[in-house]
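Undergrad: What follows is a protein structure lacking sequence information:
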């Protein structure tokens, strides 16, 4: 009643800052406006900061690339003793690349060439340049200023410094259309917010009255008449008054039912708790201080591989798989270990009864209810298998990536050590190109597997000329076959159809099949690729005379990260992804991949695809 009287007094005193009902929504509208403006301001600031960072990084890369080109060209011209061409190169580079400084300085400080010819202090130097402190390459980006120093080495003459400077933000205008667009969007949003606010204000009179009534109830008002609304506030008042009446009736019923429910709670709790525990997937055992099991659910009996009646009422000691777990349970039941303890046991071996990997959580239970400790058993076999697979994959992927990266690094170092050896440079470039393609295939396989697990792997459909594709496949692997002295043969029919599918995905599957055949076939053996087309189906068989696959591994080799148990397989690098990815992409095309193999006799992988076009 005090709240209602205060409200009436406020109304009689005159017009408040907000109209009736507006006080309920005005703070919210103001808060939304402030948040909106703060978000837009932050967006503008972040956009400008990001743009500045990107422009500075791009300018730095451009200056670095320019420096490398000038360095290479200047060294060549200085070897040829063409000083005028060097000075012309410096001037043109500074003008073309918008550099604030570009010059070549001898070690004694004399300027040999400068973007401003008036700064040159050295005449044509002699056969041997003056000596000075040993220079080093430097790179810096500070306060928007880029500075690079490269060491020039001219055989037979000496060393000099190539100095370049530039402004990182010289070509950037930050007040661009993006900021203008954001400002326009902010203005439009504020106008829309104002219109919504004005519309809501006219409809909140009844809400304001309900709000006052709720405040009175919060302060302790219990009289129904004191918080009712008059009918002049519209249908909302009628609904509110109806809710108050229903609440009063339900409160009376609650008092009558409370005693009855309290009496039946204890009877229902015991049976309900037992039923809930029995449907748990985790095993649950309750123990007293003598390690006697007072309760065990069905899952616990399964994990212990015994009958439920043999656990309850007897000691838990015979069922403990290890002394370590038994000591943990004994400490928890005796109260010496107050914290939760946990033990993971791998019981997949014969001695463990093939129960998988189980996690035993032990916790002390206080109170005088006849329970001293709780043992919770959880099957984490799938989690452990997934972790082992991820670790194996990480190790294999690291090895697969390290080899080509090492070859690329060694090739680059060889070129840097002998920059004028054209034959060596050509050989190194071929190695780099080959290893880059190899890296691309490995990374592509990893990304495709990630797409398979995410369910987002898709194929694009287009005409696929098979003759060209198999010619390219043979060209890609002929060198590898020759290196291992393996006879690689392709048997193609006179005419091949044009498939409708994703050429890159189909080529990826064929690369995996032929590459694996060469990888797991010993030197001097044979790999045969046979292509056949009949009844609107294309069949590609890849047969080798390699180490073969056992019947146990024949189907599992198509699982991700799985590798056969043959010791010879583990001596050969591989990620365990290729066959899984190959089968997945072929199945997306409506085909399949199967295998027939015998140990030490070889394997035949057969790829089948439906054909939807006439032979060409």
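TA: That came through fine. Nothing here was measured: the structure is a model prediction, and the numbers come from that model.

Undergrad: so who does residue 501 touch?
TA: Residue 501 sits next to 459, 461-462, 464, 589, 609 when contact means C-beta atoms under 8 Å, 6 or more residues apart in numbering. The C-beta positions use only the backbone N, C-alpha and C, and glycine is treated the same way.

Undergrad: And the furthest pair within those?
TA: 462 and 609 (14.3 Å; C-beta to C-beta).

Undergrad: Name the residue in those two with the higher neighbour count.
TA: Taking neighbours as other C-beta atoms under 10 Å, residue 462 and residue 609 compare with residue 609 leading, 24 against 11.

Undergrad: Please name the nearest non-neighbouring residue to that one.
TA: Spatial nearest neighbour of residue 609, excluding adjacent residues (C-beta to C-beta, 6 or more residues apart in numbering): residue 591 at 4.0 Å.

Undergrad: So the one you found sits against residue 611, correct?
TA: No - the criterion here is C-beta atoms under 8 Å, and residue 591 misses it with residue 611 at 10.0 Å.

Undergrad: for the stretch 351-500 of the chain, which spans come out with low pLDDT?
TA: 351-355, 367-370, 386, 389-390, 392-397, 399-400, 445, 449-450, 452-456 (pLDDT under 70).

Undergrad: Please enumerate the helices of it.
TA: Counting by DSSP state H, counting those that start in this stretch, the stretch 351-500 of the chain has these helices, from start to end: 381-417, 422-454, 466-483.

Undergrad: Where does residue 164 fall, secondary structure wise?
TA: Element membership for residue 164 (DSSP states H and E) is strand 158-167.

Undergrad: follow-up on the earlier one: nearest to residue 543 among the contacts of residue 501?
TA: Nearest member of these to residue 543, counting by C-beta to C-beta, is residue 609, at 18.0 Å.

Undergrad: gap between the nearest residue to residue 529 once chain neighbours are set aside and residue 525?
TA: Spatial nearest neighbour of residue 529, chain neighbours left out: residue 490 (4.8 Å); criterion: C-beta to C-beta, 6+ apart. Remark: distance between residue 490 and residue 525 (C-beta to C-beta, to the nearest Å) = 16 Å.

Undergrad: helix, strand or coil for residue 345?
TA: What DSSP: H, G, I helix; E, B strand; the rest coil gives for residue 345 is strand.

Undergrad: That one reaches residue 357, doesn't it?
TA: Yes - assessed by C-beta under 8 Å, residue 345 is found in contact with residue 357 at 7.1 Å.

Undergrad: Among these two, which residue is more densely surrounded?
TA: The residue with more neighbours, out of residue 345 and residue 357, is residue 357; 20 against 17, by other C-beta under 10 Å.

Undergrad: rewinding a little: include distance to residue 38 and mean neighbour count when you put the helices of the stretch 351-500 of the chain into CSV, please.
TA: CSV is the format used below for the helices of the stretch 351-500 of the chain (distance: least, C-beta to C-beta, whole Å; neighbours: other C-beta atoms under 10 Å):
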stretch, distance to residue 38, mean neighbour count
helix 381-417, 42, 14
helix 422-454, 35, 14
helix 466-483, 57, 15
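
Undergrad: can you put the ones you listed in JSON lines and add distance to residue 299?
TA: What follows is the helices of the stretch 351-500 of the chain, written out as JSON lines (distance: least, C-beta to C-beta, whole Å):
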{"stretch": "helix 381-417", "distance to residue 299": "14"}
{"stretch": "helix 422-454", "distance to residue 299": "30"}
{"stretch": "helix 466-483", "distance to residue 299": "53"}
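
Undergrad: what's the helix or strand for residue 148?
TA: Assessed by DSSP H and E, residue 148 sits inside strand 145-154.

Undergrad: and that strand, which strands flank it?
TA: strand 138-142 (antiparallel), strand 158-167 (antiparallel) (DSSP bridges).

Undergrad: Any figure for the gap between the residue nearest to residue 228 when sequence neighbours are not counted and residue 229?
TA: Distances taken as C-beta to C-beta, 6+ apart put residue 241 closest to residue 228, at 5.2 Å, once the chain neighbours are dropped. Per C-beta to C-beta, residue 241 is found 6 Å from residue 229.

Undergrad: what does residue 365 give?
TA: For residue 365, the distance to residue 229 (C-beta to C-beta) stands at 54 Å.

Undergrad: next one: residue 381
TA: Taken as C-beta to C-beta, the span from residue 381 to residue 229 is 63 Å.

Undergrad: Then residue 276?
TA: When distance is defined by C-beta to C-beta, residue 276 is 46 Å away from residue 229.

Undergrad: Comparing the two, which residue is more hemmed in?
TA: residue 229 (19 against 10).

Undergrad: got the phi/psi numbers for that one?
TA: phi -110, psi 150 (degrees, to the nearest 10).

Undergrad: And it, how far from residue 238?
TA: In terms of C-beta to C-beta, residue 229 sits 8 Å off from residue 238.

Undergrad: Next: residue 433.
TA: The gap separating residue 433 from residue 238 is 82 Å, by C-beta to C-beta.

Undergrad: what's near enough to touch the residue nearest to residue 609?
TA: 607-610.

Undergrad: Those, buried ones only, as a ChimeraX selection?
TA: Burial among the contacts of residue 591 is assessed by 16 or more other C-beta atoms under 10 Å; the matching ChimeraX selection reads:
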select :607,608,609
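
Undergrad: and the contacts of residue 591, which two are the farthest apart?
TA: Using C-beta to C-beta, the two most remote members of the contacts of residue 591 are 607 and 610, lying 11.9 Å apart.

Undergrad: could you point out which element follows the helix or strand of the chain with the lowest mean pLDDT?
TA: One helix or strand of the chain scores below all others by mean pLDDT, DSSP states H and E: helix 2-12, with a mean of 40. The helix or strand immediately downstream of helix 2-12 is helix 22-79, counting by DSSP H and E.

Undergrad: Show me what that following helix packs onto, helices and strands only.
TA: With contacts taken as 3 or more C-beta pairs under 8 Å, 6 or more residues apart in numbering; DSSP states H and E, helix 22-79 sits against helix 83-96, strand 138-142, strand 145-154, strand 158-167, helix 177-201, helix 205-218.

Undergrad: which of those sits most buried?
TA: strand 158-167 (a mean of 21; mean count of other C-beta atoms under 10 Å).

Undergrad: what about that one, distance to the chain center?
TA: 42 Å (C-alpha atoms, centre = their mean, to the nearest Å).

Undergrad: Could you measure from residue 554 over to residue 324?
TA: From residue 554 to residue 324 the distance is 40 Å (C-beta to C-beta).

Undergrad: nope, residue 553 is what I meant
TA: From residue 553 to residue 324 the distance is 35 Å (C-beta to C-beta).

Undergrad: if you count what's nearby, which of these two comes out ahead?
TA: residue 553 (18 against 13).

Undergrad: mind checking the backbone torsions on the more buried one?
TA: Per degrees, to the nearest 10, the backbone of residue 553 is at phi -90, psi -10.

Undergrad: Equivalent analysis for residue 320, please.
TA: Dihedral angles (degrees, to the nearest 10) for residue 320: phi -80, psi 120.

Undergrad: thought it was touching residue 328?
TA: No - using C-beta under 8 Å, residue 320 is not in contact with residue 328, being 9.3 Å away.

Undergrad: Give the closest residue to residue 301 in space, chain neighbours not counted.
TA: That would be residue 308: by C-beta to C-beta, 6+ apart, it lies 4.3 Å from residue 301.

Undergrad: if I pick that neighbour, what's in contact with it?
TA: Counting by C-beta under 8 Å, 6+ apart, residue 308 touches 296, 298, 301.
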